[in-house]
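> what follows is a predicted structure for the sequence shown.
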Amino acid sequence: MAPKRPAGRSTLPRDEARGRYVEMGQLAALQQIKRDSEALDRRSIAVGPFARLDANDVAERDGKTRGVISHLFGSQSAFQVETMARALDAGDWIEQLEFPAPADHPDAGAWVEALFAAESARGPQRGARPKVDYAALWALWLSTVPYGLWSERVSKPSMEEQGQWIERLEREFGAAIEHFGLRLREGVTLTDLAGAASSLIEGAWLNQCLTPPDDTFLRRSGRLLWNGATEPA
C-alpha cells in the first residue's frame, strides 16, 4: 500500500478556514456529548460539571479529607454520580411550593399577577451567590440538558418533574377559576393552561440567568395567557 500523502496547505482564506474548523469543533463536541450520554445509560457515570466535582475540595469544606467521601460513597466517581442524580431529581421542591391564595386577592387579575411575580422571584437571579435551592438546581440542570437528547437517565427524571409541576399548576388554576367564577374557553383544558404557563415561566428564567430579574414580563405575559384561556362562567 502506498504511503498516505500529507494533506496540502489549505487554500481557504484565513477567516473561512477558522470558521470551517470551528464548525468541525462544534460537531465534535456534540458527538462527544452523544457518546457520553450513551455511556451514561449503560453504566453510572457523571457528565458535565459533575464530572469535574473534586472530592478533596468538597471534604475540605467540612474540615475533612477525601477519605471520608471514599468511606461514605466508595469512590469519587460514585460521589459524583449521586450528586448528579439528586440535582436531576428535584421533585421534592415542587411539593413544597406555596402559591398565592385566590381568597387573598380582590379579583382574578390580581391573583394571576401575584402568582407570576412569585414565580419570577422563585427562579434564578443573575449574580446570586451559589446555594442549594430550587433556582440554583434548575440552573445546574441546564448543564445536563444536551445529554437528555440521548440519555434516558437524564431525560426521565426531568420529564417526571415537569409533569409533577404541571399537575400542581393545574390544581392551582382550577381552584382559582372556581373561586373567581370563571370557566375555560372552549377547546382549552387545564393541562393546556398549565403547560403554557410552565413554558412561559421557564423561558423567563432563562433570561434571568443572564439579565437582572424583572417580574413585569412574567406578570403581563401571564395575565395575557390567563385572559386568553378563561372567560366568565
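Received the coordinates, thanks.

> and stretch 158-178, what's buried?
For stretch 158-178, burial by neighbour count (16 or more other Cβ atoms under 10 Å) applies to Ser158, Glu161, Gln162, Trp165, Ile166, Arg168, Leu169, Glu170, Glu172, Phe173, Ala176, Ile177. Glycine gets a C-beta too; all of them are placed from N, C-alpha and C.

> quickly find the element holding the first one.
Following DSSP states H and E, one finds Ser158 within helix 152-179.

> follow-up on the earlier one: want to throw the buried residues of stretch 158-178 into CSV with distance to Asp215 and pLDDT?
As requested, the buried residues of stretch 158-178 are exported to CSV (distance: Cβ to Cβ, whole Å; pLDDT from 0 to 100):
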residue, distance to Asp215, pLDDT
Ser158, 25, 88
Glu161, 23, 89
Gln162, 22, 91
Trp165, 19, 93
Ile166, 21, 95
Arg168, 20, 94
Leu169, 17, 96
Glu170, 23, 97
Glu172, 18, 96
Phe173, 19, 98
Ala176, 18, 97
Ile177, 23, 98
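
> can you list the buried residues in the lowest-mean-pLDDT helix or strand in the chain?
Least confident helix or strand of the chain, by mean pLDDT, DSSP states H and E, is helix 91-95 with a mean of 80. Within helix 91-95, the residues scored as buried using 16+ other Cβ under 10 Å are Trp93, Ile94.

> could I get it in PDB with only the CA atoms?
These are the backbone C-alpha positions of helix 91-95, laid out as PDB (Å, rounded to 0.1, in the frame of the first residue of the first chain):
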ATOM      1  CA  GLY A  91     -39.300  16.800  42.700                       C
ATOM      2  CA  ASP A  92     -39.400  17.400  46.500                       C
ATOM      3  CA  TRP A  93     -39.000  21.100  45.800                       C
ATOM      4  CA  ILE A  94     -42.200  21.000  43.700                       C
ATOM      5  CA  GLU A  95     -44.300  19.600  46.600                       C
END
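
> quick one: it to chain centroid distance?
Relative to the mean C-alpha coordinate of its chain, helix 91-95 is positioned 14 Å out (Cα atoms, centre = their mean, to the nearest Å).
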